[in-house]
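Engineer: Show me how the following folds:
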Amino acid sequence: MALVGLSFNAFSQIDNFRSWDQDGVNVFEPKKDANTTFDGVKVKVGGAFTQQFQSLSHENDTAGNGVALYDLAPGFPLATANLNLDVQLADGIRMSLENYMSSRHHTEFWVKGGYIQIDKLPMLGNPEFFTDKMRVKIGHYQPNFGDQQFRRSDNGNAMYNQFVGNYIMDGFTTEVGGEVYFFATEDIMAMVGLTNGLINGGVTAPADPNGKERKPTLYLKAAYDKEINDDTRVRLSASFMNNANSGRNTFYGGDRTGSRFYGAMEESGANLGGSGNFASGRWNPRFGNQIQAIQINPFVKFKGLEIFGVVEMANGNNLVVDPNDATQFIFDDDDKRSVMQVGGELLYRFLENESAYVGFKYNSLSGQLQGARDMNGDFYESSISRIEAAAGWYATKNLLLKAGYVNQTYTDFQAASQYQGGSFNGVVIEAVAAF
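Structural biologist: Below you'll find the model as predicted:
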């Protein structure tokens, strides 16, 4: 319908855009398409909805220390939902506003973020070099670090994730900043991004006993993505991120919508209905003050066979309590820790339009996960490992039904932790709708 000169339609054409439905599967950065036209502002309304059935069990070895886990039972968690508005503002310029209508962390409506993507400069006469080679993205958005983010569930939108869970160490946050892309060829892309390093905006200079100023987050990415022939596609990307002093960086804990394994490994007595337990089954190493991370992602698709990998190394630290003033937090070089995550996905897609698939995923995280020290003053070396098996069917490109089995184990945690000797396993079924 027309409204004040706008084309307002759920199916309006938006340029250089990743579809929210099955067409968005295996899309990473939207391709640079300079052959666009503009005949007025258009608004596309999109959304996603996911309902689960969960049947998990869990256990640990620390009940004798008074750390017992909740008794889990099969059931239906609260459904999750997203609302997206994508607007073609001008030729080569689009805006995206992403919203959560229901999530584990917030059951109310709240805004994930919004940004403007610029692929042309019509106000400057569309200079050829920018039109053909460049892209700029500015706003409050999800930083483009790594490729696993393109295969994760984002609250109600679980279309892109062929499994149920995201990675154990889930590199996701939203920050205010900008990204500049250079498309050297049709197959090679490079990007540099700079954000404020905080999940929220900030204009104050926080007090720091160490005299250190808050620093922005700088990140880089390069990718080679080529269709070798009609049957074969190869992609390899590498990403780097650094923040020297954020004070409250949330890169590995920024997904406030919540994980998919409700109540897993949660201590008995905790408020499972509260927002404090939204990340069950994941692990945040809490590099809130300093962080440096590298992620490498290979991807190969040959006909229906698909392989995706993650190699991720991160180090950093959190602010620690000042031993001379318990009300203050200070920077401590001795608190610096490192972790490593590896993962691999093997999928086979079949039927017409690859509408069905089966898959297997392995994921492990190891290193100085806890920030806690043993009796010798050394950091605990702990590990978490997970296997997932899944099968799914796209009944239409807007409807997905999938079922997955998960088994996750925790090794070498503190004796007083609910995770020591811990594990959970079981089945989760998801029904997803997105448009």
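
Engineer: C-alpha from now on. contacts and neighbour counts both.
Structural biologist: Noted.

Engineer: what residue ranges in the protein score low on pLDDT?
Structural biologist: Where the chain drops to pLDDT under 70, the residues are 1-11, 63-64, 205-212, 270-276, 320-323, 325-333.

Engineer: if you count residues, which strand in it comes out on top?
Structural biologist: Longest strand in the chain, counting residues (DSSP state E): strand 42-59.

Engineer: can you pull the contacts of the spatially closest residue to Arg373 that is not a sequence neighbour?
Structural biologist: Counting by Cα to Cα, 6 or more residues apart in numbering, the nearest residue to Arg373 once its immediate chain neighbours are dropped is Phe379, at 4.2 Å. Taking Cα atoms under 8 Å, 6 or more residues apart in numbering as the criterion, Phe379 is in contact with 368, 370-373.

Engineer: Check those residues and tell me the two furthest apart.
Structural biologist: Greatest spacing in these, by Cα to Cα: Gln368 and Arg373 (9.3 Å).

Engineer: Now for these two: what residues contact both?
Structural biologist: Common neighbours of Gln368 and Arg373, using Cα under 8 Å, 6+ apart, are 379-380.

Engineer: Ala416 and Arg337, how far apart?
Structural biologist: Distance of Ala416 to Arg337, given as Cα to Cα, to the nearest Å: 21 Å.

Engineer: Of those two, which one has the most company?
Structural biologist: In terms of neighbours (other Cα atoms under 10 Å), Arg337 is the more surrounded of Ala416 and Arg337; the figures are 21 against 14.

Engineer: would Gln149 count as being in a strand?
Structural biologist: No - with DSSP: H, G, I helix; E, B strand; the rest coil as the criterion, Gln149 is located in helix rather than a strand.

Engineer: ok, now which ones touch it?
Structural biologist: Taking Cα under 8 Å, 6+ apart, we find Gln149 in contact with 171-172.

Engineer: Glu98 too?
Structural biologist: Neighbour list for Glu98: 82-85, 111-114 [criterion: Cα under 8 Å, 6+ apart].

Engineer: Could you count how many residues lie near Lys32?
Structural biologist: Applying other Cα under 10 Å, we find 22 other residues in the vicinity of Lys32.

Engineer: which SS class is it?
Structural biologist: Assigned with three-state DSSP, Lys32 falls in the coil class.

Engineer: Could you check what's spatially nearest to it, not counting adjacent residues?
Structural biologist: In this structure, Lys32 finds its nearest non-sequential neighbour in Asn16, 6.3 Å apart by Cα to Cα, 6+ apart.

Engineer: Let me know the distance separating the one you found from Trp283.
Structural biologist: For Asn16, the distance to Trp283 equals 34 Å [Cα to Cα].

Engineer: Next one: Glu29 from Gly309, what distance?
Structural biologist: As judged by Cα to Cα, Glu29 and Gly309 stand 17 Å apart.

Engineer: what about those two, which has more around it?
Structural biologist: Between Glu29 and Gly309, counting by other Cα under 10 Å, Gly309 is the more crowded of the two (21 against 15).

Engineer: what are the bridge partners for the closest residue to the more buried one other than its chain neighbours, then?
Structural biologist: Of all residues not flanking Gly309 in the chain, Gly344 sits nearest, at 4.4 Å (Cα to Cα, 6+ apart). In this structure, Gly344 bridges to Gly309, Tyr362 when assessed by DSSP bridges.

Engineer: thinking Gly344 is in contact with Phe308, fair?
Structural biologist: Yes - counting by Cα atoms under 8 Å, Gly344 touches Phe308, with 5.7 Å between them.

Engineer: Let me see the ranges of the helices in the stretch 51-200 of the chain.
Structural biologist: 128-133 (DSSP state H, counting those that start in this stretch).

Engineer: where along it do the strands fall?
Structural biologist: Assigned by DSSP state E, counting those that start in this stretch, the strands in the stretch 51-200 of the chain fall at 80-90, 93-102, 110-118, 134-141, 175-183, 188-195.

Engineer: next one: the stretch 301-435 of the chain
Structural biologist: According to DSSP E, counting those that start in this stretch, the stretch 301-435 of the chain carries its strands in the segments 305-317, 320-322, 325-330, 337-350, 356-367, 382-396, 399-411, 423-434.

Engineer: Out of the ones you listed, which gets nearest to Asp154?
Structural biologist: Across these, Asp154 has its closest neighbour in strand 423-434 (11.7 Å, Cα to Cα).

Engineer: what pairs with the closest one, and is each one parallel or antiparallel?
Structural biologist: Sheet partners assigned to strand 423-434 using DSSP bridges are listed as strand 42-59 (antiparallel), strand 399-411 (antiparallel).

Engineer: So Asn26 versus Ser382, what's the distance?
Structural biologist: Look at Asn26 and Ser382: by Cα to Cα, they are 33 Å apart.

Engineer: Look at these two and report which has more neighbours.
Structural biologist: The neighbour comparison of Asn26 against Ser382 (other Cα under 10 Å) goes to Ser382, with 18 against 15.

Engineer: List phi and psi for the closest residue to that one other than its chain neighbours.
Structural biologist: What sits nearest to Ser382 in space, not counting adjacent residues and going by Cα to Cα, 6+ apart, is Asp412, at 4.9 Å. Main-chain dihedrals, Asp412, degrees, to the nearest 10: phi 60, psi 50.
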